[in-house]
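1. Mind folding the following:
(one chain, ligands or ions: 1)
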Amino acid sequence: MARRVSKHLRPARPLLASGFARTEQRRDGAWLVQPMGTGRSAKAYLCPACNQTIAPGAAHVVAWRAEPSIGSSRAVDARRHFHTPCWARWQ
Ligand SMILES: [Zn+2]
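-> The predicted structure is shown next:
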């Protein structure tokens, strides 16, 4: 009988293609982080760290939990938009 390494022992793959989003550890767990370059967004977002608006087209960071929260079927549903320096400070 052949012995095979269980695939369940491997870390979960990111939701998006590798290289597209990176994983960062925060106090409350792992987050996936995707930088958004200038001109990539067409609408304004509210930064949850400083409660200030991120202007349309401004470079910023999109972050979401690596694991879905309870009640959410997909982690991507809970994406948040941060100013780049706010994300760096946010814990
Ligand atoms: Zn901010």
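2. Please, where are all the strands along the protein?
-> For the chain, the strands defined by DSSP state E occupy 22-26, 29-36, 45-46, 53-54, 60-65, 80-82.
3. Tabulate the ones you listed (JSON lines), appending mean neighbour count, mean pLDDT and distance to Q91.
-> For the C-beta atoms, the positions are set from N, CA and C on the backbone; glycine is no exception. Shown next, in JSON lines, are the strands of the chain (neighbours: other CB atoms under 10 Å; pLDDT from 0 to 100; distance: least, CB to CB, whole Å):
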{"stretch": "strand 22-26", "mean neighbour count": "12", "mean pLDDT": "91", "distance to Q91": "6"}
{"stretch": "strand 29-36", "mean neighbour count": "16", "mean pLDDT": "92", "distance to Q91": "11"}
{"stretch": "strand 45-46", "mean neighbour count": "16", "mean pLDDT": "96", "distance to Q91": "19"}
{"stretch": "strand 53-54", "mean neighbour count": "18", "mean pLDDT": "97", "distance to Q91": "19"}
{"stretch": "strand 60-65", "mean neighbour count": "21", "mean pLDDT": "92", "distance to Q91": "12"}
{"stretch": "strand 80-82", "mean neighbour count": "20", "mean pLDDT": "95", "distance to Q91": "12"}
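4. So for the ion, which of these sits nearest?
-> Closest to the ion of the strands of the chain is strand 80-82 (CB to the ion; 5.9 Å).
5. one step back: reformat the strands of the chain into TSV and put distance to A88 next to each item.
-> Shown next, in TSV, are the strands of the chain (distance: least, CB to CB, whole Å):
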stretch	distance to A88
strand 22-26	10
strand 29-36	10
strand 45-46	17
strand 53-54	15
strand 60-65	8
strand 80-82	9
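6. what residue ranges in the chain score low on pLDDT?
-> The chain contains residues with pLDDT under 70 at 1-2, 4-19, 68-77.
7. now do 80
-> Along the chain, segments meeting pLDDT under 80 span 1-20, 67-78, 91.
8. That one against the ion: which residues are in contact?
-> Residues of the chain lying near the ion by CB under 5 Å from the ion: 47, 49-50, 83, 86.
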